[in-house]
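Chemist: could you work out the structure for the sequence below:
(one chain, ligands or ions: 1)
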Amino acid sequence: MTVEAQPVSELPDPRSLGFTVVAEDELPAELTALVDRVRTLIDAVAHTEAPAADLAAARRLVEDAVRRVDGERRPVGALVQRTEFEGPVGYGTVTNIVEGPTNPAAPPLRLEQAEQGVRAEVTLGGVYQGPPGLVHGGWIAAMLDQALGSASAAAGMPGLTANLTVDYRRPTPLDVPLEISARVTGTERRKVFVSAEIRHNGEVTAEGTAIMVQVALPG
Ligand SMILES: CCCCC/C=C\C/C=C\C/C=C\C/C=C\CCCC(=O)SCCNC(=O)CCNC(=O)[C@H](O)C(C)(C)COP(=O)(O)OP(=O)(O)OC[C@H]1O[C@@H](n2cnc3c(N)ncnc32)[C@H](O)[C@@H]1OP(=O)(O)O
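Modeler: Reported below is the predicted structural model:
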């Protein structure tokens, strides 16, 4: 495959483009702890068979919690900067639905730079269920998309997904560790070709390929 696209070694500082940026290590520990507990709450609520009185009491506590935290808000589109990704490519939206560190609706996924591309381990509980005991196929696609986009960004070529293909090879079970990995396989002009897999016990359960298109940034 031809290699005409080059990594964008000099991405502009997103702040100069009007983005709000927060460094991940500057997120308050109290916020990340709260996100973690709300994830636990979502899972508990989704599965509870508690008596009505306990449900009503819990609802009142949640209403109180909403009053406490629903004050000043970060703007939608705010970016988080992950400093362990080398160079100016470690940006993502802070509320990204698949990996955003402040988003309790996101799974506890954290893609890391690997020898080739990116990789992560994640365990998905019952709130990610599609068929009984299995991860929803849409979430499988979403996690592959996130890994594919991150592999492109980690290689210095952030872009938007133009095309995504998913093959579901085996059922992907809930409540067990899953390994996700992705890498760049080629480039052509602004197109970045990427491939990714999800594995359980070393066996591929799903694989995806995508074309990410590098979007021209001003500056
Ligand atoms: C300093 C940085 C500041 C900002 C940083 C912000 C964030 C950091 C970025 C990454 C973050 C890191 C992690 C990744 C996170 C998440 C991953 C999830 C990603 C997504 O969740 S993303 C949302 C879904 N995604 C969209 O919302 C895209 C909607 N779409 C469009 O916005 C346009 O469609 C676009 C831009 C894709 C292209 O438009 P365009 O006008 O720029 O370019 P054009 O059409 O000319 O295509 C150029 C070449 O791509 C080929 N091409 C185009 N489309 C194709 C297709 N479908 N299949 C096969 N090839 C295709 C053409 O054939 C041509 O190829 P050729 O060079 O051979 O002629």
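Chemist: near the ligand, which residues of this protein are found?
Modeler: Neighbours of the ligand within the chain, by Cβ under 6 Å from any ligand atom: 11-12, 14, 17, 79, 91-92, 145-146, 149-150, 153, 158, 160-163, 189-191, 211, 213, 215, 217. Any C-beta I mention is one placed from the backbone N, CA and C, and that applies to glycine too.
Chemist: any of those residues buried? List them.
Modeler: Burial by neighbour count, 16 or more other Cβ atoms under 10 Å: within the residues of the chain next to the ligand this picks out 11, 14, 79, 91-92, 145-146, 149-150, 153, 158, 190-191, 211, 213.
Chemist: which one of those residues is nearest the ligand?
Modeler: Closest approach between these and the ligand, by Cβ to the nearest ligand atom: Gly149, at 2.5 Å.
Chemist: which SS class is that closest one?
Modeler: helix (DSSP: H, G, I helix; E, B strand; the rest coil).
Chemist: hmm, Met157 and it touching each other?
Modeler: No - contact criterion Cβ atoms under 8 Å: Gly149 and Met157 do not qualify, at 10.2 Å.
Chemist: which neighbours do the two share?
Modeler: Met212 (Cβ atoms under 8 Å, 6 or more residues apart in numbering).
Chemist: please enumerate the strands of the protein.
Modeler: Taking DSSP state E, the strands of the chain run over residues 21-23, 79-81, 91-93, 112-113, 118-123, 159-168, 177-188, 191-200, 203-214.
Chemist: what residues are bridge-paired with the closest residue to Lys191 other than its chain neighbours?
Modeler: Distance criterion Cβ to Cβ, 6 or more residues apart in numbering; nearest residue to Lys191, sequence neighbours excluded, is Ile211 at 5.2 Å. Beta-bridge pairing of Ile211 under DSSP bridges involves Asn163, Phe193.
Chemist: which residues does Ile211 contact?
Modeler: Neighbour list for Ile211: 161-163, 191-194 [criterion: Cβ under 8 Å, 6+ apart].
Chemist: show me which of those residues is closest to Gly138.
Modeler: Of all the contacts of Ile211, Thr161 has the smallest distance to Gly138: 14.4 Å, by Cβ to Cβ.
Chemist: so that closest one is in contact with Ala147, correct?
Modeler: No - the criterion here is Cβ under 8 Å, and Thr161 misses it with Ala147 at 11.3 Å.
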